[in-house]
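any chance you can model this:
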Amino acid sequence: MEFFLRKSSGVLVTLFLAWFIAPEDFGLVAMITIFITVSTVFINGGFVAALIRQKEVTELQLNSVFFIIIALALFIYALLFFLAPVIASFYQQPRLVEILRVASLSFVFLSLSIVHSTVMQRKLLFKLQFKTSLPSAILSGVIAVALAYLGFGVWAIIAQMVVFSALNTLLLWNLKIWHPQFQFSLNAIKPIFRFGVIIFVEAVIKEIFLKMNLAVIGKFYALDLVGLFFFAGKVADLIVQQAISSVQRVTFPVLSQLQDDPVRLKEGYRKVIQLTVFLIYPIFIITAALSEPIFDLILPDKWSDAVSYLQLMLLISVIVPVNMLTKNIIMVRGKAKLLLVLTLIENSMLMIMLYFTISIGIHEILVGAGVILSLFLFIRAYFIKQLISYSYIEQFTDLVSVLVISLFSGTAVLYLVETTNWSSLIQLPLFFVIGLSLYLSMAYFFNLAGLTLFRGIVVDKFKNRQLTKP
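Numbering: from 1, shown residues only. Now for the predicted structure:
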């Protein structure tokens, strides 16, 4: 619910901004994204994953991590502040100097609340997270739209980033879940550091390579194309990445509690996979099929060329939830070095593919990335089999059946979109309902495990509510 409401507000804000802001302004933000994202990973330092996985965490450890994170954030901010002219010169965009310096404040504010958020995750207090992130998203979005309407252009997007980070931090502190004390010890964080440093290196490598597409495209393609690509990616991220991240964020601490029980760990992980792909795959694929009427209905014509980018991104994204949840299991089992090696090889192959496709076109870049990610889906399946005895047949069965009926439903919706001349206002709700109904009917006919799990959760929730009524 927290994800749905927060990201729904994010979608609305992005769509409003698209009416008032040119693709070129989104292109400017795309050029600094790699620096903000990688900096955020640096200040995290792998400590979050290490603290969550740790069975017992002391106050001394929490305080030590808190002050290390703040020191890292201030150091990286100073570094980016002085490097901003060099980065702007590289892209031949002088405006990037001030844009990068102001946008970097977002991860400085974030550093003040990382430990608070980690404590919440350890305690599974996701309702409290709802109370901080949703108001922050709404208020920062309102401010961004107001600034865009008044003609502030790219600064509206930057304001949204900084205000969200600052307000979310303020609300987390106000909850009084945890407060820092003036304690610090390097010896206290050595057990955390040994695991965390590998996760940190893996995350840095992953984010650098992940955002390298934007950096390279920003250098080789016109600013308006960069903006279209970045906007499509932002919409896809609102639909895909955050939904999967919320599942990963919730399941990692839960699965960590089962790390010493391989049988229950496999059972829990398999249920997570079955339920996740059952809920997420049809959303990705049906939304991809409806991308054209979505853009036609709610966006000005200047964004129409981003439709094909969004469709490809959503189709490729069916690989992402499995890869991210696989990462959970590798971390839970304490195989951080394996995760690092896999990430390094996978992203090196993505860079090689980028080298061969950059001169062809943006569509080819996306297709090439999809090929590499698909290949690594099979490689990760091997290691999951080794770690929790989750056989190839079980993995194949849990994924492919959902994927096939999702693709069938999405194809049916796309056919209806292409063969009817109805208004987008009619096509969008009608064809979405048809596609979802077709998917659920086939899921019921083939008795998908994900449907059974989802139905069981809904029934249990209803029974609990009935029992708690006076």
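
just checking, Ser185 touches Leu60?
Yes - shown here, Ser185 and Leu60 form a contact pair, counting by CB atoms under 8 Å, at 5.6 Å. C-beta here means a position set from N, CA and C on the backbone, and glycine is covered the same way.

higher neighbour count, these two?
Using other CB atoms under 10 Å, the more surrounded residue of Ser185 and Leu60 is Leu60, with 15 against 12.

right, and the more buried one touches Asn187 too?
No - judged on CB under 8 Å, Leu60 makes no contact with Asn187 at a distance of 9.2 Å.

any weak-confidence spans in the stretch 151-300 of the chain?
Regions of the stretch 151-300 of the chain meeting the criterion pLDDT under 70 cover residues 191-215, 240-259.

one more pass at 80, please.
For the stretch 151-300 of the chain, applying pLDDT under 80 flags the ranges 176-177, 185-227, 230, 233-262, 298, 300.

the strands in it, which residues?
Here the stretch 151-300 of the chain has no strands by DSSP state E, counting those that start in this stretch.

unless I'm mixing things up, Tyr91 is touching Ile34, no?
No - using CB under 8 Å, Tyr91 is not in contact with Ile34, being 11.3 Å away.

buried stuff in the longest helix along the chain?
Ranked by residue count and defined by DSSP state H, the top helix of the chain is helix 59-91. Using 16 or more other CB atoms under 10 Å as the test for burial, helix 59-91 gives 61-66, 68-70, 72-73, 76-77, 80, 84, 87-88, 91.

which strands and helices lie in contact with it?
helix 23-44, helix 47-53, helix 96-103, helix 105-111, helix 114-122, helix 190-220 (3 or more CB pairs under 8 Å, 6 or more residues apart in numbering; DSSP states H and E).

tell me the mean pLDDT for it?
Averaging pLDDT along helix 59-91 yields 88.

next one, pLDDT for Gln311 please.
Taking Gln311 on its own, its pLDDT is 90.

which residues touch it?
Applying CB atoms under 8 Å, 6 or more residues apart in numbering, we find Gln311 in contact with Ala288, Ala289, Ser291.

so where's the stretch 351-470 of the chain uncertain?
457-470.

okay, helices next: where are they in it?
Ranges of helices within the stretch 351-470 of the chain are 362-388, 392-419, 424-445, 449-468, based on DSSP state H, counting those that start in this stretch.

okay if I get the ones you listed as TSV plus distance to Val341?
Shown next, in TSV, are these (distance: least, CB to CB, whole Å):
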stretch	distance to Val341
helix 362-388	10
helix 392-419	21
helix 424-445	37
helix 449-468	31
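
in TSV: those helices, plus mean neighbour count and distance to Asn347.
As requested, the helices of the stretch 351-470 of the chain are exported to TSV (neighbours: other CB atoms under 10 Å; distance: least, CB to CB, whole Å):
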stretch	mean neighbour count	distance to Asn347
helix 362-388	17	9
helix 392-419	17	23
helix 424-445	16	33
helix 449-468	12	30
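
who's in contact with the residue lying closest to Ala103 once chain neighbours are set aside?
Leaving out its chain neighbours, the residue that sits closest to Ala103 by CB to CB, 6 or more residues apart in numbering is Ile158, at 5.0 Å. Ile158 sits next to Val29, Ile99, Val102, Ala103 when contact means CB under 8 Å, 6+ apart.

distance of Ile158 from Leu125?
31 Å (CB to CB, to the nearest Å).

many thanks, I have nothing further to ask.
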